[in-house]
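# I would like the atomic coordinates for the input below:
(chains A, B and C)
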Amino acid sequence: MPDDIRVLIRSNLDIVTARQEGRALAARTGFGATDVTLIATVISELARNIVSYARQGEIVMRVVAGANAQGVTIISHDSGPGIRSVEDAMRDGYSTSGGLGLGLPGVRRLMDEFTIESALGRGTTVRVTKWLT
Amino acid sequence: MEVPILKQGRYLIATIQAALSDEDLLQLRRALLERVIQFRSRGVIVDVTALDVMDSFATRTLRDITYMIRLRGADTVIVGIQPEVAFAMVQLGLTLDVACALDLEEGLAHLEQRARSSS
Amino acid sequence: MGNKKPVNVPQPPSTQSTELLRELVAHLREHRTQLREEWASRITEAQLLTAMTKDEIFAEATSVYDNYVEALATGTLEALQSYSRNLSERIIPRGVETHEVVGIVLLLRDVLARSLFAKYQGDFTKLNRILDAYEPAANRIANTVAVGFVQERERVIRQQQEAIRELSTPVLQVRERLLILPIIGVIDPQRARQLTEQLLRGIRTNRAKVVVIDITGVAAMDATVANHLVQTVEASRLLGATVIVTGLSPEIAQTIVNIGVDLGKMNTVGDLQGGIEQAERLLGYKVIPGAEATGAA
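From the prediction side, this is the model:
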């Protein structure tokens, strides 16, 4: 059973670590250059959200086996304030901190599977998966 | 790690390395502005050839750099965005509404053309 | 910093078992030459690895054997995984197939097991304990090598498919700094994505400043693909290239407007010819009407 790669996210520097680990994992799994960059960028955004909104959290990444191929799953988890309205956050163009907001609609577009759970006062967990085509 | 900035005549060339942290980017913004003022530069090239991921913060900061340098009357051009990075950016919806060129050579040509047309 | 845990062979809980494994590994190392030869000859007997010469088989057998024993000794599979990937990269182009790889690893497992039977035949209790330590480890190893091989094979197949797709979607360089991408037929999101990747790489390789994307041959486009076209235009701009879209039908124009894109911002020309002329103007060529042939011959 392949193991998880966990990166504790506490500061901006951890964002770089997380995406480098993600890039390496994606490359090892067999993704091409474009997808490797996509995955690294998604991890960067998710980690960035943790730093911006929750101060501290964790990014977990692992190789997963699907029906036809392998893939990579990334879980972004924090115990921060939570998202007030997940619906709003998932709508394109929505932004609370000026600029590109949480980038979640973009993340969902890039990944094959996407789930998000968030509760005010309890934190947020985003889970995404990309499969090798 | 500090981003190296070279002066080439009236232009400044900043070359970014791969593992770029948020602090590095902010430091770059400060340094470029200082030097544009100090040298009265007409143009700035930010070379991102080595940048393997361009996320929202990097995009925002590059945009900020362009605006701030424009306020000093100088042009900025971003060069060397990799195909994979460009692809990821547009898919993620990150817009970089600034002048872009393929590489250093093209970037300089662009700045020179801008200088010609505005003089 | 991330904690990457090494992949472990499940260790038997008692220290006795660790002792046994150590004894086992010592035995395998002591009889390395003989066991390796036995294995190599069984491989030939079973008519596996026929694509390779006897010398090659022997050389690879040596490495596999050593890595196998090492994995047993250390209890970690990382070194074996990386060796397995390496080995696969070497033998796949030689035409070695999955059943052969699985076959030889199982043969090794058996050769080593038999040698353990021979050594401990006088003490069945001990033999059982040794096998209890050996079997799960050996099975884990066989699995690792087989999986490594299969993954590498899949990667190669994907690469080949990609190459075939690339050959069938040409990006044409007709003049210096000018690329044309004629798109014909039905585009699904996967093909659209592949076209974009190729185009962007083409822009970089050819140092193109202008790209003409001709969609005259495209009957219809759904919102996803239209969005993709818009993204391609923007991505090209990030690489310093201007895109001219030609052959836009009224239906597709409507689709683009419907997804919220300002067509006025897009550079569009009615037909390919016009698009190429516009491109040449942008590049600073003088366009002489009539006798001068522009574009692809």
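
# what's the pLDDT at A:Gly121?
Turning to A:Gly121, the model gives it a pLDDT of 87.

# just C:Asp110 next, same as before
As predicted, C:Asp110 sits at a pLDDT of 91.

# And for it, the neighbour number?
When counting by other C-beta atoms under 10 Å in any protein chain shown, one arrives at 13 neighbours for C:Asp110. C-beta: built from backbone N, CA, C; applies to glycine.

# which residues sit in contact with it?
For C:Asp110, no contacting residues are found, by C-beta atoms under 8 Å, 6 or more residues apart in numbering or on different chains.

# Restrict the strand or helix carrying it to CA atoms and write it as CSV.
Taking DSSP states H and E as the definition, C:Asp110 sits inside helix C:98-120. Output of helix C:98-120 as CSV, limited to C-alpha atoms (Å, rounded to 0.1, in the frame of the first residue of the first chain):
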residue,chain,number,x,y,z
THR,C,98,4.7,-9.1,-18.2
HIS,C,99,4.3,-12.8,-17.8
GLU,C,100,8.0,-13.3,-18.3
VAL,C,101,8.8,-10.8,-15.5
VAL,C,102,6.3,-12.3,-13.2
GLY,C,103,7.6,-15.8,-14.1
ILE,C,104,11.2,-15.1,-13.3
VAL,C,105,10.5,-13.5,-10.0
LEU,C,106,8.4,-16.4,-9.0
LEU,C,107,11.1,-18.8,-10.1
LEU,C,108,13.6,-16.9,-7.9
ARG,C,109,11.2,-17.2,-5.0
ASP,C,110,11.0,-20.9,-5.5
VAL,C,111,14.7,-21.5,-6.0
LEU,C,112,15.4,-19.7,-2.7
ALA,C,113,12.6,-21.6,-0.9
ARG,C,114,13.9,-24.9,-2.1
SER,C,115,17.4,-24.1,-0.9
LEU,C,116,15.8,-23.3,2.5
PHE,C,117,14.0,-26.7,2.5
ALA,C,118,17.4,-28.3,1.8
LYS,C,119,19.2,-26.5,4.5
TYR,C,120,16.6,-27.0,7.3
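
# Okay, strands next: where are they in chain C?
C:3-4, C:172-175, C:178-184, C:210-217, C:242-246, C:268-269 (DSSP state E).

# who's the closest residue to chain C within chain A bridged to?
With C-beta to the nearest C-beta as the measure, A:Val7 is the residue of chain A nearest to chain C, at 4.2 Å. The bridge-partner assignment for A:Val7, based on DSSP bridges, gives A:Ile59.

# quick one: A:Thr133 and A:Ile74, what's the gap?
In this view, A:Thr133 and A:Ile74 are 18 Å apart by C-beta to C-beta, to the nearest Å.

# what about these two, which has more around it?
Legend: neighbour count by other C-beta under 10 Å for A:Thr133 and A:Ile74, higher for A:Ile74 (25 against 15).

# hey, what's the more buried one bridged with?
Applying DSSP bridges to A:Ile74 gives these bridge partners: A:Met61, A:Val128.

# so it sits right up against A:Thr41, yeah?
No: shown here, A:Ile74 and A:Thr41 do not form a contact pair, counting by C-beta atoms under 8 Å, at 11.4 Å.

# ranges for the helices of chain C?
Counting by DSSP state H, chain C has helices at residues C:15-30, C:32-45, C:54-74, C:78-91, C:98-120, C:124-167, C:189-206, C:223-238, C:250-258, C:272-283.

# got JSON lines for those, with distance to B:Ala58 too?
As requested, those are exported to JSON lines (distance: least, C-beta to C-beta, whole Å):
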{"stretch": "helix C:15-30", "distance to B:Ala58": "50"}
{"stretch": "helix C:32-45", "distance to B:Ala58": "53"}
{"stretch": "helix C:54-74", "distance to B:Ala58": "41"}
{"stretch": "helix C:78-91", "distance to B:Ala58": "33"}
{"stretch": "helix C:98-120", "distance to B:Ala58": "43"}
{"stretch": "helix C:124-167", "distance to B:Ala58": "29"}
{"stretch": "helix C:189-206", "distance to B:Ala58": "19"}
{"stretch": "helix C:223-238", "distance to B:Ala58": "13"}
{"stretch": "helix C:250-258", "distance to B:Ala58": "29"}
{"stretch": "helix C:272-283", "distance to B:Ala58": "29"}
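
# If you tally nearby residues, what's the number for the nearest residue to B:Pro4 once chain neighbours are set aside?
Counting by C-beta to C-beta, 6 or more residues apart in numbering or on different chains, B:Thr15 is the residue found nearest to B:Pro4 once chain neighbours are left out, at 5.6 Å. As a burial measure, B:Thr15 scores 17 neighbours (other C-beta under 10 Å).

# Relative to B:Asp75, how far out is B:Thr15?
Separation of B:Thr15 from B:Asp75 (C-beta to C-beta) stands at 18 Å.

# swap in C:Tyr65?
With the distance defined as C-beta to C-beta, C:Tyr65 ends up 64 Å from B:Asp75.

# what about the helix holding C:Asp110, distance to the chain center?
Mean C-alpha position of helix C:98-120 versus that of the full chain (C-alpha atoms, centre = their mean, to the nearest Å) differs by 30 Å.

# Tell me which residues of it come out buried.
With burial defined by 16 or more other C-beta atoms under 10 Å in any protein chain shown, the residues of helix C:98-120 counted as buried are C:100-109, C:111-112, C:115-116, C:119-120.

# Which residues of chain A lie near chain C?
Applying C-beta under 8 Å from any C-beta of the partner chain, one finds that chain A approaches chain C through A:1-8, A:17-18, A:21, A:30, A:32, A:34, A:69-70, A:132-133.

# which regions of chain A sit below the pLDDT cut-off?
Per-residue confidence for chain A (pLDDT under 70) gives these ranges: A:1-2, A:92-102.

# cutoff 80 now
Along chain A, the model assigns pLDDT under 80 to residues A:1-3, A:68, A:88-89, A:91-103, A:106, A:133.

# quick one: the helices in it?
Counting by DSSP H, chain A has helices at residues A:12-29, A:33-49, A:86-89, A:104-110.

# Check whether the shortest one comes into contact with chain B.
No: looking at helix A:86-89 against chain B by C-beta under 8 Å from any C-beta, there are no contacts, and the closest approach is 13.7 Å.

# in that helix, what counts as buried?
By neighbour count on 16+ other C-beta under 10 Å, the buried set for helix A:86-89 is A:Val86, A:Ala89.

# Quick check: which of the helices of chain A is buried the most?
Counting by mean count of other C-beta atoms under 10 Å in any protein chain shown, helix A:33-49 has the highest mean neighbour count of these, with a mean of 26.

# Which elements pack onto that one?
helix A:12-29, strand A:57-65, strand A:70-78, helix A:104-110, strand A:123-131, helix B:56-71, helix B:83-92 (3 or more C-beta pairs under 8 Å, 6 or more residues apart in numbering or on different chains; DSSP states H and E).
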